[in-house]
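J.: mind looking at a prediction? Sequence and model below.
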Amino acid sequence: MAVDRTALAEFLRTRRAALQPEDVGLARGSRRRTEGLRREEVAGLSHMSPDYYARLERGDGPIPSEQMLAAIALGLHLSVDERDHLFRLAGHEPPARGSDSEHVSPGMLRILDRLTDTPAEVVTELGETLRQTPLGVALTGDATLLRGSERSIGYRWFSDPRSRSLYDPSEHEFLSRLWVSGLRGAIARRGADSRAAQYARALRETSEEFRAIWERQEVGLQPRAVKRFRHPELGALELSCQTLLDPEQSHALLVYTAAPGSESQEKLRLLSTLAPRTSLTVA
């Protein structure tokens with residue numbers, strides 16, 4: 001497919017002008033004169049340099065990679081159809097839709113952007129973190145930086161013992177069963193050639209614990225209402241986890257809250273001092 005630089009530049013400018021700072025979780029300054037977002041704001045949301053993004057809008061920049069286009073699509077809160085159009089204008093085939101898609105829907109992003117004082121994250125059905133709020137990063141670390149199979153918390157659970165340190169030891173046995181049950185269910189939905197099946201095959205070869213639990217044939221286990229974390233600086237936290245599902249993309253928004261007046265609520269307030277200073281984290 002051939003790149004259409006002029007159409008790409010026009011599309012980016014139009015989509016940027018259609019967004020307001022509050023649409024993407026940014027504060028509106030009192031002296032703001034720009035209609036829509038500034039170029040540097042979109043660049044920051046997309047994790048690229050302002051000069052690189054400005055050149056794309058001028059039509060004289062390099063042809064963006066698929067990774068860059070995916071980041072821009074998230075930064076501009078594009079719908080799936082808009083994302084696909086962006087890819088085609090840049091000369092690329094659009095990514096997969098459905099369960100393998102990593103494009104977070106604009107509606108879910110708008111909700112996440114407003115959770116500035118709450119740990120929250122958007123994950124795939126395999127436990128791969130796509131977006132986090134700053135407090136989400138402060139609670140569990142920046143999971144969006146992980147690559148390959150290590151992106152899946154279920155895979156890390158069995159391949160890297162350090163991943164268990166964030167959770168109370170009393171939860172480990174149940175969480176092991178929960179991840180295996182969820183993986184078995186994903187394979188039944190997606191088939192023997194799916195990424196879920198690839199994870200299962202790899203873990204059966206490398207983890208004796210995984211093999212033993214896999215042989216139980218457990219399916220349908222559900223997460224407990226309260227998750228018990230062990231934060232390296234704040235210690236024990238008991239947090240309720242509310243889940244919002246996007247069935248079209250097979251993504252889940254996980255929101256962690258503490259009971260009013262509890263010790264964990266006070267620790268969540270302290271957690272804000274450890275959060276990144278940026279307004280949001282982009283995958």
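T.: Looks like it came in fine.
J.: which helix or strand contains L237?
T.: Secondary structure here is read from DSSP states H and E; on that basis L237 sits in strand 235-246.
J.: now do that strand, average pLDDT.
T.: For strand 235-246, mean pLDDT is 95.
J.: buried sites along the next helix or strand after that strand?
T.: Proceeding N to C from strand 235-246, the next assigned helix or strand is strand 251-257, under DSSP H and E. For strand 251-257, the buried set under the neighbour-count rule, 16 or more other Cβ atoms under 10 Å, comprises 251-256. Backbone N, C-alpha and C define where each C-beta goes, glycine included.
J.: scan this structure for its longest helix.
T.: Longest helix in the chain, counting residues (DSSP state H): helix 172-190.
J.: what's that helix in contact with?
T.: 99, 125-127, 153-154, 157-158, 164, 167, 194, 196-197, 199-200, 209-210, 213-214, 216-224 (Cβ atoms under 8 Å, 6 or more residues apart in numbering).
J.: ok, stretch 36-47 next?
T.: Contacts of stretch 36-47 with the rest of the structure, by Cβ under 8 Å, 6+ apart, involve 12, 16-21, 24, 26, 49-50, 52-54, 57, 68, 71-72, 74-76, 278, 280, 282.
J.: same question, stretch 101-116
T.: With Cβ under 8 Å, 6+ apart, stretch 101-116 has contacts from 23-25, 70, 73-74, 77-80, 83, 95, 120, 122, 124, 128, 130-131, 133-134, 244, 246, 248-251, 253, 255, 279-280, 283.
J.: can you check stretch 68-83 too?
T.: Stretch 68-83 is touched from outside by 12, 15-16, 19, 23-24, 42-43, 45-48, 53, 56, 64, 86-87, 90, 92, 94-95, 97, 101-106, 109-110, 131, 249, 282-283, with contacts defined as Cβ under 8 Å, 6+ apart.
J.: can we see that at 7 Å?
T.: Residues from elsewhere that reach stretch 68-83 (Cβ atoms under 7 Å, 6 or more residues apart in numbering): 15-16, 19, 23-24, 42, 45-48, 86-87, 90, 92, 94-95, 97, 103-104, 106, 109, 282-283.
J.: the stretch 51-200 of the chain: helices as residue ranges?
T.: Per DSSP state H, counting those that start in this stretch, the stretch 51-200 of the chain carries helices over the ranges 66-75, 80-89, 106-113, 134-140, 153-159, 172-190, 195-206.
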